[in-house]
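1. Fold the stuff below for me.
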Amino acid sequence: MLGNVVRVAAVAASGGGGRLGSSAAGAMLTSRTFLKRTRAGAVVKVVREHYLRDDIPCGAAACRLCGARPVGAGLEARPAGAGSHLCPGPHYLLPDTNLLLHQIDILEDPVIKNVIVLQTVLQEVRNRSAPVYKRVRDMIANPEKHFYSFTNEHHRETYIEQEQGENSNDRNDRAIRVAVKWYNEHLKKMKNEENIQVIFLTNDRNNKEKALEEGITAYTCEEYIKSLMANPDLVDRLACISDEGKEIESGKIFFPEHLPLSKLQQGIKSGIYLQGTYRASRDNYLEATVWVHGDAEENKEIIIQGLKHLNRAVHEDIVAVELLAKDEWVAPSSVVLQDDSQNEDDIENEEEKENILKASVNKNMLRPTGKVVGIIKRNWRPFCGMLSKSQIKEARRHLFTPADRRIPRIRIETRQADTLEGQRIIVAIDGWPRNSRYPNGHFVKNLGNAGDKETETEVLLLEHDVPHQPFSQAVLSFLPKMPWSITEKDMKYREDLRQLCVCSVDPPGCTDIDDALHCRELENGNLEVGVHIADVSHFIRPGNALDEESAKRGTTVYLCEKRIDMVPELLSSNLCSLRSNVDRLAFSCIWEMNHKAEILKTRFTKSVINSKASLTYAEAQMRIDSAGMNDDVTTSLRGLNKLAKILKKKRIDNGETNSMVEEFMLLANISVAQKIYDEFSEFALLRKHPAPPPSNYDILVKAAKSKNLEIKTDSAKALAESLDKAESPAFPYLNTLLRILTTRCMMQAVYFCSGMDNDFHHYGLASPIYTHFTSPIRRYADIIVHRLLAVAIGADSTYPELTDKHKLADLCKNLNYRHKMAQYAQRASVAFHTQLFFKTKGEVNEDAYILFVRKNAIVVLIPKYGLEGTVFFEEKDKTKPRLDYNSEVPSLTVEDTTFRIFDKVKVNIMLDASNIQHQKIRMVLVEPKIPGKDVPANPTTEASVSNEPEKKKKKLQK
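-> Next up is the predicted model:
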């Protein structure tokens, strides 16, 4: 039964297709009716009022018939474009939805210009793929591309009603054809010598046939691209798409059929199938794990083994899995298997490898095992890697090997194989039919020579999903105009603190100074201490393009020799950098303290400051220690240092310690966390650090015990105290090793929304509540915290997303992801620069300490370089030594030599460049000598490497 009738007014969102005023002139009212099911299950009839207009411009620059001018660059008056032998005259292109979705790489090429994007198409793209929609919007905004968004659904002559018995797809296809016909008739009326034609591009056979029957010039994307005589290389970028659901089954069938989405959803609901995220193994291409979604405790992690069971899933896809019977369960494999087959039809080789897996099963380690029965959501992205050129002469089909070992090889067609060999390239996956051993894809971009510093940096940024393109004009348009100065309006909710003796203390060469401090004695004898943080949220307003870009980036990323800013340089290194002797806007946290560093009062205010000195750590220490210096800045520093020592002692008593600047930053973060939680208990953005499960410390406790030391782990305080006592006069480096091992036992700190969690504790800082407030230049979390605090003190107004805990939880998820990927990218950058160093240096022998022992290897740390690596005792094509692993000690005995954690060894270090795409540092044991093992000759031991990027204050990544 139908419920109420809901009436909704709909007006055009022009998106570049001309401004629609509020005037009724030139407008006609129609209505659209459809049925909608409510959350409660009732069916509601919705009548949507739909305004049609006749004053929406066509977008052609030469058109005098349309009264209104198009928003943006519009379509060129004389579209020269790419020379096509199919349509040599001037023309605009009009693609349908599927063409936009699948051939976006082609459309982004600079050769393709003057494209009409219909509202119908844009809405469908938005519903089906947010990333592609964003790319299309970027092209519409790019004046050099001349892409024009035409609001056909609100144009009187191009809007059509859905006919009885016509489904929405067929209605939309008809709407696109109607718009193409209207454009061609409209452009003919311009009566200029150009006679511009509109070409319809579609890969849908039925739609193309209907278009041709209706007298429309229509081509498939492939036909049009192959007709571009001056750009033959564009053919390589064509996505390899067959008609959906009409795949011709030819040759061998490698994989079972994927079940349709409707069946998968039914099966998940009834419990027959489980839904989860597919995680491929780096070490074994025939194995993966599916992390099951939901709160159920059992079967959280399901192992998938063998090609047919993996069934064309790709790393990070959302899949449906069917559990196998218990007698078919397997154990996680300890075998390393790389896909090095040269023949993609060599199924016997695959079966042989799968048998190796089955033979290596440990019956005590069996885990829930399943098979992929369908794909719920593909999470494909463009992949970096290298071409594995076919051995067949003049072949066009080649295999692409991704840099990420978790991604399968991809089959592509290219005429440029000779050029692309030895290059880092980007390839996109188009599909994976049942009769293909590998997915099909297409070439997207050449990044440059493998091994080049610039190329490899680009690869690691892309592979770790670090947004690093130059800031767009849309983003930069929201920056303040220079020269900038503080206005009366800026001062409305601000205190003028320019008279205070504020200073900053940072590493040398720091340009993004986001914090400064002051300390002064009050008339009542107490001390006033202020932490002043750059007021970035004043310049980045909610919801604009600058805000959205900063939120997407989430954090500044520090690589060796490169910094990827979260915000444009005008803010990060100028207007929001608290440099000395310039007026700057700040957000201040000010305490009144007694001389025991006890907080008596806390207040927060937006402010204007003028820093009196930008000091390095060394300069600040020199002032504190110098008896002859008694100026205001030095006096302030001494007051801060005295209080910091007391705060540090209190923190040590709680199990944590930091240096002077960090003490006050931590205090500010804790004070702000409490304030925003008190004001907004449901939507405060906080940071927590879960206590590690006791089992995490097993390795640390065992390692210390092997050196006759006791480490207590029942609290952060007990751990800190026992680490302080864990000294060995005969082995001074032991304490450092213990602390390194301790950090490996810790959990990851994460952002969360207070209304979505009840565990707030920060274990590492021994604090019941914590947030990030002190680095808004380089962390987006701090910008949100600034906004919450500003609302709490009445210095700024709120907005809907700020008080929506679900939106905040989604934001936290992205911030945690961005911070994690930034860390991985930094490590990859260090690893690459270490490889560059050893490429130049050659082999060296160095002292090392064992950090971990494995079943067939030891993991060592080389203090001289801060370098970690693995020494394997089993080598391919060599006699395997006798190995005995004891997990209790833990220890590994190789032949008759026993290795334990923290033992000192000597290793040979060299760059293994045998695989140009996966170069690595190779370590071989030199001392103690294992009988029967080859030991490298004694090369030089003189070397030095700086493999740590110049990090902006390690503080507060906790």
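2. Neighbours of Phe752, how many?
-> Using other CB atoms under 10 Å, Phe752 is surrounded by 20 other residues. The way it works is simple: take the backbone N, C-alpha and C, and place the C-beta from them, glycine included.
3. which strands and helices sit next to the helix or strand that contains it?
-> Counting by DSSP states H and E, the element that carries Phe752 is strand 750-753. Using 3 or more CB pairs under 8 Å, 6 or more residues apart in numbering; DSSP states H and E as the contact criterion, the elements in contact with strand 750-753 are strand 685-688, helix 805-841.
4. what about that strand, average pLDDT?
-> Looking at strand 750-753 alone, the average pLDDT works out to 96.
5. buried ones in it?
-> Counting neighbours by 16 or more other CB atoms under 10 Å, one finds that the buried residues in strand 750-753 are Val750, Tyr751, Phe752, Cys753.
6. was I right about the last one contacting Ala809?
-> This means Cys753. Yes: because the distance of 4.6 Å satisfies CB atoms under 8 Å, Cys753 is recorded as touching Ala809.
7. Low-confidence regions, the stretch 151-300 of the chain specifically.
-> Low-confidence segments of the stretch 151-300 of the chain, defined by pLDDT under 70, span residues 192-194, 241-251, 296-297.
8. Show me where it has its helices.
-> When assigned using DSSP state H, counting those that start in this stretch, the helices of the stretch 151-300 of the chain occupy the ranges 168-188, 205-213, 221-226, 261-270.
9. again with the stretch 351-500 of the chain
-> Taking DSSP H, counting those that start in this stretch as the criterion, the stretch 351-500 of the chain contains helices spanning 417-420, 453-463, 473-476.
10. out of those, deepest packed?
-> The highest mean neighbour count among these, using mean count of other CB atoms under 10 Å, belongs to helix 453-463: a mean of 19.
11. picking that back up, export the helices of the stretch 151-300 of the chain to JSON lines and append columns for mean neighbour count and distance to Lys113.
-> Putting these into JSON lines (neighbours: other CB atoms under 10 Å; distance: least, CB to CB, whole Å) gives the following:
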{"stretch": "helix 168-188", "mean neighbour count": "19", "distance to Lys113": "16"}
{"stretch": "helix 205-213", "mean neighbour count": "15", "distance to Lys113": "22"}
{"stretch": "helix 221-226", "mean neighbour count": "19", "distance to Lys113": "13"}
{"stretch": "helix 261-270", "mean neighbour count": "14", "distance to Lys113": "37"}
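12. closest to Lys601 out of the ones you listed?
-> Counting by CB to CB, Lys601 lies closest to helix 261-270 out of the helices of the stretch 151-300 of the chain; the figure is 55.9 Å.
13. Just list what that closest one packs against, helices and strands only.
-> strand 274-280, strand 318-323, strand 369-377.
14. how big is the angle separating it from strand 274-280?
-> What separates the directions of helix 261-270 and strand 274-280 is an angle of 110 degrees, with axes from the mean of the first three to the mean of the last three CA atoms, to 10 degrees.
15. chain center to helix 261-270: distance?
-> Taking CA atoms, centre = their mean, to the nearest Å, the mean C-alpha location of helix 261-270 is offset from the chain mean by 30 Å.
16. ok now stretch 108-123, how far from the chain's centre?
-> For stretch 108-123, the distance from its own C-alpha centre to the chain's C-alpha centre is 27 Å (CA atoms, centre = their mean).
17. Just the buried positions in that stretch, please.
-> Neighbour-count burial for stretch 108-123, with 16+ other CB under 10 Å as criterion, is recorded at 108-109, 112-123.
18. can you put the buried residues of strand 750-753 in TSV and add distance to Pro402?
-> Output for the buried residues of strand 750-753, formatted as TSV (distance: CB to CB, whole Å):
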residue	distance to Pro402
Val750	29
Tyr751	30
Phe752	33
Cys753	35
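19. And those residues, which is closest to Leu575?
-> Relative to Leu575, the closest of those is Tyr751; by CB to CB it sits at 26.0 Å.
20. The spatially closest residue to that closest one that is not a sequence neighbour: neighbour count?
-> In space, not counting the residues next to it along the chain, Tyr751 is nearest to Cys812; the distance is 4.2 Å by CB to CB, 6 or more residues apart in numbering. Neighbour count for Cys812, taken as other CB under 10 Å: 21.
21. How much space separates Cys812 from Pro433?
-> As defined by CB to CB, to the nearest Å, Cys812 lies at a distance of 39 Å from Pro433.
22. cool, Ala790 as well?
-> 55 Å.
23. thinking again about what came up before, which stretch among the helices of the stretch 151-300 of the chain comes nearest Arg128?
-> helix 168-188 (11.8 Å).
24. All set now, cheers.
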